[in-house]
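# just the structure for this:
(chains A and B)
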There are 2 protein chains.
Amino acid sequence: MKLSRTYLPLLKETPAEAVIASHRLMLRSGMVRQQAAGIYAWLPLGLKVLKKVEAIVREEQERAGVAELLMPTIQPASLWHQSGRYDAYGPEMLRLKDRHGRDMLYGPTNEEMITELVRAGIKSYKELPKTLFHIQWKFRDEVRPRFGVMRGREFLMKDAYSFDLSPEAARRSYLRFFAAYLRTFARLGVKAIPVRADTGPIGGKLSHEFVVLAETGESEVFTAKGLVEKTPPPTSLDYDGDLEPLFAEWTGTYAATDEMHDEAAFLALPEDQRLQARGIEVGHIFYFGTKYSEPMQFAVEGPDGRAFVEMGSYGIGVSRLVGALIEAHHDDQGCRWPVPVAPYEVGLVNLKTGHDGTDGACHRLYDEAVAAGLDVLLDDSGDRAGEKFARMDLIGLPLIVTIGPRGVEAGQAEVKDRRTGAKQEVPLTGLVDYLRSAILPQRRLA
Amino acid sequence: MKLSRTYLPLLKETPAEAVIASHRLMLRSGMVRQQAAGIYAWLPLGLKVLKKVEAIVREEQERAGVAELLMPTIQPASLWHQSGRYDAYGPEMLRLKDRHGRDMLYGPTNEEMITELVRAGIKSYKELPKTLFHIQWKFRDEVRPRFGVMRGREFLMKDAYSFDLSPEAARRSYLRFFAAYLRTFARLGVKAIPVRADTGPIGGKLSHEFVVLAETGESEVFTAKGLVEKTPPPTSLDYDGDLEPLFAEWTGTYAATDEMHDEAAFLALPEDQRLQARGIEVGHIFYFGTKYSEPMQFAVEGPDGRAFVEMGSYGIGVSRLVGALIEAHHDDQGCRWPVPVAPYEVGLVNLKTGHDGTDGACHRLYDEAVAAGLDVLLDDSGDRAGEKFARMDLIGLPLIVTIGPRGVEAGQAEVKDRRTGAKQEVPLTGLVDYLRSAILPQRRLA
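Presented below is the predicted three-dimensional model:
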């Protein structure tokens, strides 16, 4: 993308309402713009990251054998009367009436609707298990939205649902998502640890939160250092195989948020292993049995007669993850994106726009790099060099290539690694190969 | 995808409310399920098509140099007070109040919001032109939603907006979208003709509708046969070049809907060229000048002083297109998808699930075809052969491969072309190459 073709409005000043780094940096670097409290427009730079996060989440759901569908944002209240949650949900549910006066709502979650959808089509236990996911905007009318996209009102969520005949089969589905989540967060470039969680308003029997460690996290996490450093399951993981050993390995170490904390168990860890830190919840999985299938009368004929279907639900906060990623990857100058989720992989600075030599070299390099499959942003603006460098540091692309008149004469460009700050002179002739070999291995972790 | 892993609930009976083919077929083939009047869940099969349509629309916007962003679904009413449209819009706007009693609405369109967004970041005429698009769910509270996704209340739309310094520059932006739309619809596999349109409630100076000819269309179209058969602009089209000759070529022939019909002009066509048909509106483009920038005070310093920005907006009904595509491509047995938008490119029928020979051959072929980049649906169910064939015909995949015990023995499979009905025996050894050479050339038209 050429800067002149996209829309990247930076803010000079830090907005007063932004108290955490991700909120501040997303506003300053023109990733989002607030339209109402907790409601954001995703400008081109922010949308690029959101879509990369979404794509990785989707790929790992598909790898785990989960099929995608898409439910609407607006739901009829009648569905929620079936489960009994319409009255129970409280003021976070955005309720509305259509022009005919019918009660509707903006979906804050989809247990009721997915139960209706699958109930309508599944007649026999032979069609189970089913696991389905969707990635859709949700609305929760938080009383005090804050921290930018980390606690917004309109937010993008991946929610998945499992339907099984027996508790044993439901546990297998649960483990499938557990394993997929470990892979997902690792690929995104964050260290998320699973902690046993309270089942809360969704209810249920088994539940884990996935928490990214970050200073600005809303909850307190207690765990062992070893858990944070564990290697995620490999690409070759067989989701149809026995996942119990993997689950045992990842849940055998003490890990809890303040809500579920057991001080004695924590103190039983060797002292040099104890880790107390702040965390951001980025995923939450639940096995809740027949909590919805029973009131909504979703039963199938099994080999042993008619039984209510066993269900679970599995969420990832897709838009929240963009904020969490910045909390984990930034410095004083701005964002510092890991390659897999960087808005662009390479930033290309033309030191002297209007100078024939640098213009030519920059456009040639840009065309060549794009043709080689790299995701490149070319700063073709007429701004001063200092402004261009500050902009690249703020938006935080992994590699920044600078081409100036002297470099063109010497046949050299400067390549800076945004993470380490290391700079290197690279011959223009081999530059695209150099960039590819630096970027490609980082695209897919694990 | 294996049938056992996805969720494809077919309806045996035709739902009484479905009066047109696309509505009927989308419900029967398990593409969508209604959740409330005009509000649909997209089941896996329908979502596959929706996403392929969306991807082609996006690709052609990007090719034309338009940058993507994403605006939220919920908007503050205050924005619409700035333009004066809050009171003017009428009951099709879904209005609501949040928990603090603030007036909000579910966006039916985004002229106001995009004007606010670009106004906030553009300070100088040197940053113009800007063209931006987003693909987002909209809500219009139709008094009588009907025809399934063709006239739903919650629908997916691509809307784009252009910002220019002068009417001449705005016209160049308009022509850019005009050309992109010709390419988009051709690639989707429909014949959409541009007709001069009334500017309606959006207002403005220049407007075209893009209309797909189909018997069930809501409007009457008058044009010349030659226009329907024209070749769309090639991939190599230079969007930065002069598009006036292209525009003149495509608008030089009489074409109008009943709203704007001029009988005398139509009768001036040679009699054997006159074409009167029904049409479905799938795109609409507007140049409306300063209609929003003036009340919303979006002006920039130009070389000749301060001027209000010249704007246009450009819509494509993405979810509606799925219905329009079926209207254009179906027969008595079901859908008949063109390759670029088919939910899967190849259907693979295992004639005898449970038979070692056919199971083995089917899974080998499936793995090989998927590895070769084909989008395949394997019917691995235990249903009777007749049911499997009827299902494949109903969902309408372009090529249907059948493998049975006798075929495996003979080393042969039957390949049926869903469009022509032609059947052919193909050796199993060269089958994937055969499928690739049949599918790949059809993936990208024009």
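# neighbours around the nearest residue to residue A:338 once chain neighbours are set aside, how many?
Nearest residue to residue A:338, sequence neighbours excluded (C-beta to C-beta, 6 or more residues apart in numbering or on different chains): residue A:189, at 3.4 Å. To be clear about C-beta, it is placed using only N, CA and C from the backbone, and glycine gets the same treatment. Using other C-beta atoms under 10 Å in any protein chain shown, residue A:189 has 18 other residues around it.
# how close does residue A:189 sit to residue A:419?
11 Å (C-beta to C-beta, to the nearest Å).
# beta partners for residue A:281?
Using DSSP bridges, the beta-bridge partners of residue A:281 come out as residue A:211.
# could you do residue A:401 as well?
residue A:348, residue A:415.
# low-confidence ranges, the stretch 301-446 of chain A, go.
By pLDDT under 70, the weakly predicted segments of the stretch 301-446 of chain A are A:445-446.
# tell me where it has helices.
Applying DSSP state H, counting those that start in this stretch to the stretch 301-446 of chain A gives helices spanning A:318-328, A:356-371, A:385-395, A:405-410, A:431-443.
# figure out which of these is closest to residue A:6.
Ranking the helices of the stretch 301-446 of chain A by proximity to residue A:6 (C-beta to C-beta) places helix A:385-395 first, at 11.3 Å.
# may I have the closest one as CSV, with CA atoms only?
This file holds the C-alpha atoms of helix A:385-395, laid out as CSV (Å, rounded to 0.1, in the frame of the first residue of the first chain):
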residue,chain,number,x,y,z
ALA,A,385,12.4,12.8,6.9
GLY,A,386,12.0,13.2,10.7
GLU,A,387,8.3,13.0,10.4
LYS,A,388,8.5,9.9,8.3
PHE,A,389,10.8,8.1,10.8
ALA,A,390,8.6,9.1,13.7
ARG,A,391,5.5,7.8,11.9
MET,A,392,7.2,4.5,11.1
ASP,A,393,8.3,4.1,14.7
LEU,A,394,4.8,4.9,16.0
ILE,A,395,3.0,2.5,13.8
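# phi first, then psi, for residue A:375.
Main-chain dihedrals, residue A:375, degrees, to the nearest 10: phi -100, psi 100.
# specify the local secondary structure of residue A:158.
strand (DSSP: H, G, I helix; E, B strand; the rest coil).
# residues contacting it?
Going by C-beta atoms under 8 Å, 6 or more residues apart in numbering or on different chains, residue A:158 touches A:54, A:57, A:58, A:61, A:133, A:134, A:135, A:315, A:316, A:318.
# does chain B sit close to the helix or strand that contains the fifth one?
Think residue A:133. Per DSSP states H and E, residue A:133 falls inside strand A:130-139. Yes. Using C-beta under 8 Å from any C-beta of the partner chain, a contact is recorded between strand A:130-139 and chain B, made by A:130, A:132, A:137, A:139.
# ok, and the most crowded of these?
Neighbour counts for those peak at residue A:139, which has 25 neighbours (criterion: other C-beta under 10 Å).
# which non-adjacent residue is nearest it?
Here the residue nearest residue A:139, using C-beta to C-beta, 6+ apart, is residue A:106, at 3.9 Å.
# my read: the one you found touches residue A:71, true?
No. Under the criterion of C-beta atoms under 8 Å, residue A:106 is not in contact with residue A:71, lying 12.0 Å apart.
# all helices of the stretch 151-300 of chain A, in order?
With helices called from DSSP H, counting those that start in this stretch, the stretch 151-300 of chain A shows them at A:167-188, A:225-228, A:244-251, A:263-267.
# will you turn the helices of the stretch 301-446 of chain A into a markdown table that also has mean neighbour count and distance to residue B:271?
A markdown table is the format used below for the helices of the stretch 301-446 of chain A (neighbours: other C-beta atoms under 10 Å in any protein chain shown; distance: least, C-beta to C-beta, whole Å):
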| stretch | mean neighbour count | distance to residue B:271 |
| --- | --- | --- |
| helix A:318-328 | 26 | 58 |
| helix A:356-371 | 17 | 52 |
| helix A:385-395 | 18 | 62 |
| helix A:405-410 | 15 | 65 |
| helix A:431-443 | 16 | 60 |
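# residue A:395 is nearest to which of the helices of the stretch 151-300 of chain A?
Ranking the helices of the stretch 151-300 of chain A by proximity to residue A:395 (C-beta to C-beta) places helix A:167-188 first, at 18.3 Å.
# check which helices and strands the closest one sits against.
In terms of contacts (3 or more C-beta pairs under 8 Å, 6 or more residues apart in numbering or on different chains; DSSP states H and E), helix A:167-188 is packed against helix A:44-63, strand A:130-139, strand A:154-164, strand A:192-196, strand A:206-213, helix A:244-251, strand A:274-289, strand A:310-317.
# looking at these, which is buried most?
Among those, ranked by average contacts under mean count of other C-beta atoms under 10 Å in any protein chain shown, first place goes to strand A:310-317 (a mean of 26).
# next one: that strand to chain centre, how far?
Mean-position distance between strand A:310-317 and its chain equals 15 Å (C-alpha atoms, centre = their mean, to the nearest Å).
# with stretch A:69-86 instead?
From the chain centre to the centre of stretch A:69-86 is a distance of 25 Å (C-alpha atoms, centre = their mean).
# bridged to the residue in the stretch 151-300 of chain A positioned nearest to chain B, which residues?
Nearest residue of the stretch 151-300 of chain A to chain B, counting by C-beta to the nearest C-beta: residue A:154, 4.9 Å away. Beta-bridge partners for residue A:154, by DSSP bridges, are residue A:139.
# so it is in contact with residue B:75, correct?
No. Counting by C-beta under 8 Å, residue A:154 sits too far from residue B:75 to count as a contact (10.2 Å).
# joint contacts of these two?
Common neighbours of residue A:154 and residue B:75 (C-beta under 8 Å, 6+ apart) are residue A:39.
# which ones are touching residue A:132?
Contacts of residue A:132 by C-beta under 8 Å, 6+ apart are A:66, A:67, A:68, A:69, A:114, A:118, A:160, A:161, B:7, B:44.
# contacting residues around the nearest residue to residue A:42 once chain neighbours are set aside?
If the residues on either side of it in the chain are set aside, residue A:42 comes closest to residue B:70, at 4.2 Å by C-beta to C-beta, 6+ apart. For residue B:70, the contacting residues are A:41, A:42, A:47, A:50, B:134, B:135, B:136, by C-beta under 8 Å, 6+ apart.
# and residue A:120, by the same measure?
Counted by C-beta under 8 Å, 6+ apart, residue A:120 has contacts B:9, B:33.
# so what's the residue nearest to residue A:267 when sequence neighbours are not counted scoring on pLDDT?
Counting by C-beta to C-beta, 6+ apart, residue A:267 lies nearest to residue A:274, which is 7.8 Å off, once chain neighbours are set aside. Residue A:274 is assigned 96 on the pLDDT scale.
# any idea which of the helices of the stretch 151-300 of chain A is most buried?
Mean neighbour count (mean count of other C-beta under 10 Å) peaks for helix A:167-188 among those, with a mean of 22.
# the more surrounded of residue A:106 and residue A:71?
Neighbour count, other C-beta under 10 Å: between residue A:106 and residue A:71, residue A:106 has more, with 26 against 23.
# how about the residues of the stretch 101-250 of chain A by chain B?
Residues of the stretch 101-250 of chain A lying close to chain B (C-beta under 8 Å from any C-beta) are A:102, A:104, A:106, A:113, A:116-118, A:120-122, A:126, A:130, A:132, A:137, A:139, A:141, A:143, A:153-154.
# repeat that for 6 Å
A:117, A:121, A:130, A:132, A:137, A:141, A:154 (C-beta under 6 Å from any C-beta of the partner chain).
# with that, I have no additional questions.
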